[in-house]
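1. next one to model:
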Amino acid sequence: MNLDDLNPSQREAVLCIDAPSLVIAGAGSGKTRVLTYKIAYLLEQGMQPWNILALTFTNKAAREMRERIATLVSPEKATSLWMGTFHSIFAKILRVEGNRLGYDQNYTIYDTTDSQSLIKLIIKEMNLDDKVYKPNAVQSRISAAKNRLILPSGYASVREFRESDAYFHRSMMPEVYNRYQERLKQSDAMDFDDLLLNTWLIFKHNPEVAAHWQERFHFVLVDEYQDTNFAQHQIIKLLTDQRQRVCVVGDDAQSIYSFRGADIDNILHFREAYPEARLFKLERNYRSTQTIVNAAGSLIRNNREQISKSVFSEKEVGNPIALFPAYSDTDEANIILREVLKAHRAGIPYKGIAVLYRTNAQSHKIEDSFLQGRVPYHIYAGTSFYQREEIKDMLCYLRLSVNPYDEESLRRIINKPARGIGNTTVGKLFLSAREAGTSVWEMLKAGACPGLNAGTIARLKAFSDMIASFHECSKTDDAHTLALRVAKESGLQDYVFSGHEPDDVSKQENMQEMIDGIAVFVQDSQEQGLGISISDYLQMASLATDFDRNTAEKDADQVNMMTIHSAKGLEFPVVFIAGLEEGLFPSEMSAEVPRELEEERRLFYVALTRAERQVVLTYAKSRFRNGRMEFSRPSRFIREIPQEFYKASQSASGTSQPRIEQRMKPLRPQNVGGGFVPPTRPFSPPNRPTTSVQPSVSSELKVGSAVVHERFGRGVVQALEGSGIDAKATVLFENAGTKVLMLRFAKLTLQ
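-> Modelled structure (predicted):
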């Protein structure tokens, strides 16, 4: 091992082995290198590998560190290290010590699915409403309690839990938690959170056990310390109480997982927990250009709660940040497509490009733009828009509305949301249809369901009557009107909007995005004289889904699309960050809460520092939400990056951008952009486009006129034809290409 491979800050952090140490590692500063060299140095100094404990958050991180250490020392020593994720290491300890809590050494570990299944059973046994006590919400609450080291006996004493449970009408949560723990114990099983909770319980209440493991681990190292929760911090404290030989590495500026229980105070106040701790700062960024590093640094300095550092880069100055305002979210998606193609033509492979966004629902219009432009992409650590559960459910309802004989769609949603038609009933129904040589739909219409009781037959008839009514409406309603009817009358709207957990909110945003997307489809099609029925929409959606699926299977060179949370730890030559608007990023819910606003800023910092060579920022002046166009303002984060780091890129109007300070007004919180429709608020009815010619516009239009469309942006009239209600204009838009628009529907403004 050659310590000359390290820069001075890295070397200083590696050599500190006689005191607690906090290593603040800025983005791209080589924290993994410090950890691996430090472990190798400890081994060179004579420490035995089994006396070193290294904790990570992912198996991948542990594996990569072990492989690097093997090259620095020896594979044998690397193999003997106690290195792995928190859960894997504590599970190993519990195999030895779990008997102190009454567990066998071969106890079972329940994964998330097992856990939810048990919770669902308990809710049923207690005769509780599973729409109120949703298994995933109950599991999330129990997990939060365990990560705060709160047992069932102490649950009710926590004011935060009491108030939240009262708001969501879950007064029986303490009993549900208690029964859940009892059933786990009866099954000689632990869930993932028990691996932390039970390790802490054993160490806390058995000093001799804690002393044994303190003696075993002479040195403890922790990666990504800013992501630790209260339980992890407390266990580390117990393990290192005797020797105080602990090194934690992380970056408070990249703490973005509070919704998972991560507590930034663990890293901010580390030196209070370990008064003798030494602080090391890794401030040289090896990943990004000077422009990107300096811009990110300027942004994050707006946070009050942080450990100050001056991250710098010795790479080239690099390109300025590109900022593109867009007229609408549709225009934004087209701008991203244009700039991606431009980067690709300049030699950047698609896989070297990432498009990041705050919420999953934002992917929809960008995906549609890529599909139309035939740009290959994949959703990293997620699912493409049309493949998401709630979207597929809605698509199946819409398909049945057009074609009630579609048995695959029928099978998927006949009991979704639950209407008392279980798998056994569905199996009998399909079997009877096969035996009778007819379709399931014909049997449902006729009410001919042999072997089923009267109550079940009544429920099947109610379902078939509903689908039949949708089918009739599909013959006259436009796609948006029918979609609103289906969402409401099927119960899917209430079902999707009944939850309040982060996953529920994401589903709600996706559902709202789909309904809004159908409204935009109707308006665009109407303006262009195309079909606006649900059949027309489904054809478009099916073709998009098919291209997406085929691309994912065949083309490895794809643009990476992901939420910013999913991007942490990754890097790309070119990074797009979309949707930089107040109410969307920062999110509407965080704008008035200083601590949450600072996490939003850290999230933007993470997004910026994923880029190696180029950052492209976009925002929309309006977004289609709740059935109508809503105006939005640029994110405050744009202004927090000094003007010197931007270039005067072409804006959506085709002119150089003015100075940001002049363009942006003082910010006041307002409810715009990116939010989701509350459960109590139905989807909005469609805005009906005017059916009369806009005389003030159509009479003045001529070939060469510069016009603006609320969704397509700026364009130039190429041709005019027809008159009266048949008048059309061919417009070449800067970002959306050529469109032939019916003037009686098109919302054009002369420039």
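
2. distance of residue 282 from residue 10?
-> Distance, residue 282 to residue 10, using C-beta to C-beta, to the nearest Å: 6 Å. Quick note: C-beta positions are derived from backbone N, CA and C, even for glycine.

3. also residue 287?
-> According to C-beta to C-beta, residue 287 and residue 10 sit 15 Å apart.

4. quick one, which of the two is more surrounded?
-> Between residue 287 and residue 10, residue 10 has the larger neighbour count (other C-beta atoms under 10 Å), namely 23 against 19.

5. the more buried one and residue 281 touch, don't they?
-> No. With contact defined as C-beta atoms under 8 Å, residue 10 does not reach residue 281; the gap is 10.6 Å.

6. need the overlap of contacts for residue 282 and residue 10.
-> 30, 34 (C-beta atoms under 8 Å, 6 or more residues apart in numbering).

7. tally of neighbours for residue 349?
-> 14.

8. buried sites along the strand or helix carrying residue 481?
-> Assigned by DSSP states H and E, residue 481 falls within helix 479-489. By 16 or more other C-beta atoms under 10 Å, the buried positions in helix 479-489 come out as 479, 480, 481, 482, 483, 484, 485, 486, 487.

9. now swap in stretch 433-451 and tell me
-> For stretch 433-451, by 16+ other C-beta under 10 Å, it's 433, 439, 440, 441, 443, 444, 449.

10. isn't the third one up against residue 428?
-> No. With contacts defined as C-beta under 8 Å, residue 440 does not count as touching residue 428, sitting 10.9 Å away.

11. what's residue 744 sitting at in phi/psi?
-> Dihedral pair for residue 744: phi -70, psi -20, per degrees, to the nearest 10.

12. let me fix that: residue 634
-> Dihedral angles for residue 634 - degrees, to the nearest 10 - are phi -60, psi 150.

13. then residue 188?
-> Dihedral angles of residue 188 (phi, psi; degrees, to the nearest 10) stand at phi 50, psi 50.

14. I figured it hits residue 103, correct?
-> Yes. At 6.1 Å, residue 188 counts as touching residue 103 under the criterion of C-beta under 8 Å.

15. of these two, who's got more company?
-> residue 103 (20 against 13).

16. what's the pLDDT at the more buried one?
-> pLDDT recorded at residue 103 is 92.

17. does it touch residue 190 like I think?
-> Yes. Because the distance of 7.2 Å satisfies C-beta under 8 Å, residue 103 is recorded as touching residue 190.

18. please enumerate the shared neighbours of these two.
-> 94, 198.

19. which residues are in contact with residue 285?
-> Residue 285 neighbours (C-beta under 8 Å, 6+ apart): 26, 27, 28, 29, 293, 311, 312, 313, 609.

20. wait, which of the residues you listed is closest to residue 625?
-> Minimum distance to residue 625 across the contacts of residue 285 is 30.0 Å, recorded for residue 609 (C-beta to C-beta).

21. residues near that closest one, how many?
-> Residues near residue 609, counting by other C-beta under 10 Å, number 30.

22. how about it: what's its closest non-neighbour residue?
-> residue 27 (3.6 Å; C-beta to C-beta, 6 or more residues apart in numbering).

23. look at residue 538 and report its pLDDT.
-> The model reports residue 538 with a pLDDT of 85.

24. okay but it is in contact with residue 398, surely?
-> Yes. Assessed by C-beta under 8 Å, residue 538 is found in contact with residue 398 at 6.1 Å.

25. out of those two, which sits in the busier spot?
-> residue 398 (25 against 18).

26. now do the contacts for the more buried one.
-> 482, 483, 486, 534, 537, 538.

27. just the closest of these to residue 561, please.
-> Using C-beta to C-beta, the contacts of residue 398 come closest to residue 561 at residue 537, 22.6 Å.

28. which SS class is the closest one?
-> Using DSSP: H, G, I helix; E, B strand; the rest coil, the structure places residue 537 in helix.

29. cool, and residue 465?
-> Per three-state DSSP, residue 465 ends up helix.

30. chain center to stretch 60-79, what's the gap?
-> Distance of stretch 60-79 from the chain centroid (C-alpha atoms, centre = their mean, to the nearest Å) equals 32 Å.

31. now for the most centrally placed residue in the chain: which residues touch it?
-> Nearest to the mean C-alpha position of the chain, by C-alpha atoms, centre = their mean, lies residue 563 at 4.6 Å. By C-beta under 8 Å, 6+ apart, the contact set of residue 563 is 356, 357, 358, 359, 360, 382.

32. if it is in a bridge, with which residues?
-> residue 357 (DSSP bridges).

33. tell me the spacing between it and residue 613.
-> 22 Å.

34. could you do residue 462 as well?
-> Residue 462 is 59 Å from residue 613, by C-beta to C-beta.

35. likewise for residue 592?
-> In terms of C-beta to C-beta, residue 592 sits 36 Å off from residue 613.

36. out of those two, which sits in the busier spot?
-> Neighbours per residue (other C-beta under 10 Å) separate residue 592 from residue 613, with residue 613 holding more: 20 against 9.

37. per-residue pLDDT, that one?
-> On pLDDT, residue 613 comes in at 96.
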